[in-house]
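A.B. asks: can't give you the sequence, but here's the structure:
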C-alpha cells in the first residue's frame with residue numbers, strides 16, 4: 001500500500017509505534033521509486049517511551065524499521081506517560097486491567113531529549129499530537145526552542161475536542 005501510494009503522488013507518510021506499521025512502511029519505502037529527499041516521514045513516540053533513554057531507544061527502532069537515517073518529524077503521540085514495561089507492551093496494566101500511568105515522569109525531560117534528537121540529525125523537527133492547549137503551553141514554556149508542529153485529528157466524526 002505504501003509503495004502504491006508513493007508511486008501515485010503521495011509524499012507524506014504518517015506512522016507510529018502504536019500503529020505497529022513501521023516495518024511494513026519501511027518495506028514500502030524501500031520498494032518505492034521515490035528518493036528520500038522527496039518524502040516527508042512522520043513518526044511518534046509512544047506513551048511508554050517518554051523516559052529519555054526509552055525515547056532514544058524507540059527512535060533508534062523507528063529508524064531501523066523504516067530503513068531511514070532520520071525522520072522529518074517526530075511527535076509526542078499523547079502527553080500521557082504510561083509505565084514502561086518493555087518495548088512491545090503498549091498498554092501496561094495493573095491487576096484490575098487499568099493502564100498504569102507513570103505519574104512521576106517529567107515530560108519536559110522528554111522534550112529536551114527530543115530537542116537533542118534534532119541536534120543529532122535523527123529527526124528534522126519535533127512536535128506534539130493530541131494535546132490540549134494547556135499541554136501546548138507547558139511544552140512552549142519548557143522548550144529551549146519554539147515548538148515546531150502540533151498534529152490535530154479533525155474530521156466530521158471527531159471535531160478535535162481534546163485539542
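C.D. replies: Cool, the structure landed. Computed from a predicted model, the values in this text were never measured in an experiment.
A.B. asks: Tell me which residues touch the spatially most central residue of the chain, please.
C.D. replies: By Cα atoms, centre = their mean, the chain has its centre lying nearest to residue 44, at 0.8 Å. Residues in contact with residue 44 (Cβ atoms under 8 Å, 6 or more residues apart in numbering) are 15, 16, 17, 18, 74, 75, 76, 77, 129. C-betas here are computed from N, CA, C, even on glycine.
A.B. asks: if you set the cut-off to 6 Å instead, what comes out?
C.D. replies: Shown in contact with residue 44 (Cβ atoms under 6 Å, 6 or more residues apart in numbering): 16, 75, 77, 129.
A.B. asks: can you map out the helices along this protein?
C.D. replies: Here the chain has its helices, by DSSP state H, at 2-7, 22-31, 52-66, 107-119, 133-142.
A.B. asks: Quick one: closest of those to residue 87.
C.D. replies: Nearest to residue 87, of all the helices of the chain, is helix 52-66, at 6.9 Å by Cβ to Cβ.
A.B. asks: burial of residue 22, as a residue count?
C.D. replies: By other Cβ atoms under 10 Å, the residues close to residue 22 number 22.
A.B. asks: what sits against it?
C.D. replies: By Cβ under 6 Å, 6+ apart, residue 22 lies in contact with 15, 62, 65, 66.
A.B. asks: pLDDT score for the residue lying closest to residue 85 once chain neighbours are set aside?
C.D. replies: Computed as Cβ to Cβ, 6 or more residues apart in numbering, the closest residue to residue 85 that is not its neighbour in sequence is residue 92, at 3.8 Å. Looking at residue 92, its pLDDT stands at 96.
A.B. asks: Name the single longest strand found in the chain.
C.D. replies: If you go by DSSP state E, the chain has its longest strand at strand 40-45.
A.B. asks: Sheet-wise, list the partners of it with their directions.
C.D. replies: Sheet pairing of strand 40-45 (DSSP bridges) gives strand 12-14 (parallel), strand 73-76 (parallel).
A.B. asks: chain center to the shortest one, what's the gap?
C.D. replies: Translated: strand 12-14. Put simply, strand 12-14 sits 12 Å off its chain's centre (Cα atoms, centre = their mean, to the nearest Å).
A.B. asks: tell me which residues of it are tucked away?
C.D. replies: Neighbour-count burial for strand 12-14 flags 13, 14 (criterion: 16 or more other Cβ atoms under 10 Å).
A.B. asks: Cool, thanks, signing off.
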